[in-house]
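S.K.: build me a model from this:
(2 chains)
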Number of protein chains: 2
Amino acid sequence: MHFTSERRLDDDVLEREFTLGEIPGILWTPRSASGSAPAPLILVGHPGGLHMMYPRLVARARHAAAEGFAAVAIELPGSGDRPRSAAAEQARADLRRALEAGEPVDGEIVDRLVLPLVEKAVPEWRAVLDALLSLPEIGGPVGYSGGVIAIGIRLAVVEPRISAALLFAGSFVPRSMFEEARQVTIPLQVLLQWDDEGNDRQQALDLFDAFGSKEKTLHANMGGHTGVPQFEVDDGNRFFTRHLK
Amino acid sequence: MHFTSERRLDDDVLEREFTLGEIPGILWTPRSASGSAPAPLILVGHPGGLHMMYPRLVARARHAAAEGFAAVAIELPGSGDRPRSAAAEQARADLRRALEAGEPVDGEIVDRLVLPLVEKAVPEWRAVLDALLSLPEIGGPVGYSGGVIAIGIRLAVVEPRISAALLFAGSFVPRSMFEEARQVTIPLQVLLQWDDEGNDRQQALDLFDAFGSKEKTLHANMGGHTGVPQFEVDDGNRFFTRHLK
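M.R.: This is a model prediction of the structure:
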């Protein structure tokens, strides 16, 4: 892991850009984090485009840091400045065409778009986790927070160092991942924007039902796709405080 | 309103039993409540049987009092020591028979059981509200918290002094009340026990969808009918703090 920049934000959060092999990322650590008081870590998931997403990511990281959590975001394979995959670009174009035509989205398109992304992104997250947990200021336990819910599901199943996940319903989920959802046993909080027209509400409810976790909570709110209420940010922190501290 | 008993609980909450006409009830006020700092009020709804429900009611009231809220519970018509209605007893017996036989519950039974209860209980709550808001230590605004969701719906529609409601999904709701739900505009938080076998989950989701409120939040949890997690009690307090203070 190679740190390429470092700066202190107003609230004394340390922001460091890094690369791990070909994966670029950003790590935020709270003032309190040190070798003697290592911080639990939150993996901040997002739909790709680290620079475009930066304002929202840094806001989430600073909220987490205020509660003593470190946070990290990485670029997804095929997004931002990373090399494009022709197959993924084709799947994305097919999805866009279906949505613009108002057609139901074929499961085959979702599979072509999401499954390879999960296959590539999950090992990358795990490599980043290896590197970060070797830093003295990062101690675990680890939580996953965010969208691309399929990545969160796979991580929750295969990565034992992840202790809790706050998942944003609303992205497309391959049907085969419902079976994986049944294998998830860590505490979950699932956010659903009830009036998000681009979201398949019934699929989100079916997915919540499928999760095998004994502790799982669904929070449904109004406000459209991007209108998650501010109080959910605080509540997400409380969820991680219950499970990571 | 006639106070019939008064005692201080350990945490300095004042507990007073009262009667208003034929309605018995219990009022809890926090230490801080006075004529110069009147407390907002939470109406604590429950399925009836004030004495049987007391342990749970006083726990909810004390949690509310810790945040500066007064709380009140009253006996439902036909419950506890109040006179029984033959029609309601018949409807209750018919419901029990259907449930024990594992039959789907006929909407006609639900109508016979719940609609007369709503018709009687809502004016009683409003009379209690008139009496309590004339006390110097109670100031409003007012929230409704609890089960018998049909009573909460009707109150939210007809009683402008109620500013927010925390509703427990899980009781039977007459179909005609879905139309009333569309007229509700106050902020709502709806609790649903996802794995409550005695609850019609799809009906609860349909009802949540029907509410006309711009701010409405659904919290679904595991734990069975009576297993609402402790963190939801705190979150309910935060909901009322956002809307009643």
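
S.K.: and the contacts of the one helix or strand in chain A whose mean pLDDT sits lowest?
M.R.: Each helix and strand of chain A was given a mean pLDDT (mean pLDDT, DSSP states H and E); the minimum falls on helix A:86-100 at a mean of 92. Contact with helix A:86-100 is made by A:Gly78, A:Pro104, A:Val105, A:Asp106, A:Ile109, A:Val110, A:Arg112, A:Leu113, A:Pro116, A:Leu117, A:Phe172, A:Gly198, as judged by CB atoms under 8 Å, 6 or more residues apart in numbering or on different chains. In this view, the C-beta of every residue, glycine as well, is placed from N, C-alpha and C.

S.K.: stretch A:14-24 too?
M.R.: Residues from elsewhere that reach stretch A:14-24, judged by CB under 8 Å, 6+ apart: A:1-9, A:25-29, A:31, A:50, A:58, A:61, A:74-75, A:80-82, A:124, A:127-128, A:131.

S.K.: over to stretch A:66-73?
M.R.: Residues outside stretch A:66-73 that contact it (CB under 8 Å, 6+ apart): A:11, A:25-30, A:32-33, A:39-46, A:50, A:53, A:57, A:60-61, A:64-65, A:128, A:132, A:137-138, A:143, A:237, A:240-241, A:244-245.

S.K.: which of the residues you listed count as buried?
M.R.: A:25-30, A:33, A:39-46, A:50, A:53, A:57, A:60-61, A:64-65, A:128, A:132, A:137-138, A:143, A:237, A:240, A:244 (16 or more other CB atoms under 10 Å in any protein chain shown).

S.K.: could you point out the longest helix of chain A?
M.R.: Taking DSSP state H as the criterion, chain A has its longest helix at helix A:107-133.

S.K.: sheet partners, orientation included, of the helix or strand just after it?
M.R.: Note on helix A:107-133: by DSSP states H and E, the next helix or strand toward the C-terminus is strand A:138-146. Strand A:138-146 has the following strand partners under DSSP bridges: strand A:39-45 (parallel), strand A:162-168 (parallel).

S.K.: how far off helix A:107-133 does the last one point, in degrees?
M.R.: So the one you mean is strand A:162-168. Put simply, strand A:162-168 runs at 140 degrees to helix A:107-133, going by axes from the mean of the first three to the mean of the last three CA atoms, to 10 degrees.

S.K.: tell me the mean pLDDT over strand A:162-168?
M.R.: Mean pLDDT, strand A:162-168: 97.

S.K.: what's next to the next helix or strand after it, contact-wise?
M.R.: For strand A:162-168, the following helix or strand on the C-terminal side (DSSP H and E) is helix A:176-182. Helix A:176-182 has contacts (CB under 8 Å, 6+ apart) with A:111, A:114-115, A:118, A:150, A:153-154, A:157, A:206-207, A:210-212.

S.K.: quick one: buried ones out of those?
M.R.: Buried members of those, counted by 16+ other CB under 10 Å: A:Asp111, A:Val114, A:Leu115, A:Val118, A:Ala150, A:Ile153, A:Arg154, A:Val157, A:Leu207, A:Ala210, A:Phe211.

S.K.: quick one on the thing from earlier: which one of the contacts of helix A:176-182 is nearest chain B?
M.R.: Of all the contacts of helix A:176-182, chain B sits closest to A:Phe211, with 9.5 Å by CB to the nearest CB.

S.K.: could you tell me the angle between the least confident helix or strand of chain A and helix A:107-133?
M.R.: Helix A:86-100 runs at 120 degrees relative to helix A:107-133, counting by the same axes, to 10 degrees.

S.K.: how about helix A:86-100: buried residues?
M.R.: Buried-residue list, helix A:86-100, by 16+ other CB under 10 Å: A:Ala88, A:Ala91, A:Arg92, A:Asp94, A:Leu95.

S.K.: and the host helix or strand of A:Arg56, how far out from the chain's middle?
M.R.: Under the criterion of DSSP H and E, A:Arg56 resides in helix A:50-66. Its chain's C-alpha centre and that of helix A:50-66 lie 12 Å apart, by CA atoms, centre = their mean, to the nearest Å.

S.K.: when you compare where it runs with where strand A:39-45 runs, what's the angle?
M.R.: For helix A:50-66 against strand A:39-45, the angle by the same axes, to 10 degrees is 150 degrees.

S.K.: may I have helix A:50-66 as CSV, with CA atoms only?
M.R.: C-alpha atoms of helix A:50-66 as CSV (Å, rounded to 0.1, in the frame of the first residue of the first chain):
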residue,chain,number,x,y,z
LEU,A,50,-14.3,8.0,-6.6
HIS,A,51,-13.7,11.6,-7.7
MET,A,52,-17.3,12.2,-8.6
MET,A,53,-18.5,10.5,-5.4
TYR,A,54,-16.0,12.3,-3.3
PRO,A,55,-18.3,14.9,-1.7
ARG,A,56,-20.7,12.3,-0.5
LEU,A,57,-17.9,9.9,0.6
VAL,A,58,-16.0,12.4,2.6
ALA,A,59,-19.2,13.5,4.3
ARG,A,60,-19.9,9.9,5.3
ALA,A,61,-16.3,9.4,6.4
ARG,A,62,-16.3,12.5,8.6
HIS,A,63,-19.6,11.4,10.3
ALA,A,64,-18.0,8.1,11.0
ALA,A,65,-14.8,9.7,12.2
ALA,A,66,-16.7,11.8,14.7
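
S.K.: would you mind measuring the gap between the ends of stretch A:79-87?
M.R.: One end of stretch A:79-87 sits 13 Å from the other (CA to CA, to the nearest Å).

S.K.: quick check: closest non-adjacent residue to A:Met1.
M.R.: Leaving aside its sequence neighbours, A:Met1 sits nearest to A:Ala131 (CB to CB, 6 or more residues apart in numbering or on different chains; 4.0 Å).

S.K.: I'd say that neighbour and A:Gly25 touch.
M.R.: No. Assessed by CB atoms under 8 Å, A:Ala131 is found out of contact with A:Gly25, at 9.5 Å.

S.K.: find residues that contact each of those two.
M.R.: Counting by CB under 8 Å, 6+ apart, nothing touches both A:Ala131 and A:Gly25.

S.K.: wait, what's in contact with the closest residue to A:Gly146 other than its chain neighbours?
M.R.: Leaving aside its sequence neighbours, A:Gly146 sits nearest to A:Gly45 (CB to CB, 6+ apart; 2.7 Å). A:Gly45 makes contacts with A:Ala73, A:Tyr144, A:Ser145, A:Gly146, A:Gly147, A:Val148, A:Ile151, A:Gly152, A:Phe168, as judged by CB under 8 Å, 6+ apart.

S.K.: burial measure for the last one, as a count.
M.R.: Around A:Phe168 sit 24 other residues, with neighbours defined as other CB atoms under 10 Å in any protein chain shown.

S.K.: now do the contacts for it.
M.R.: The neighbours of A:Phe168, taking CB under 8 Å, 6+ apart as the test, are A:Gly45, A:Gly146, A:Gly147, A:Ile149, A:Val190, A:Leu191, A:Val228.
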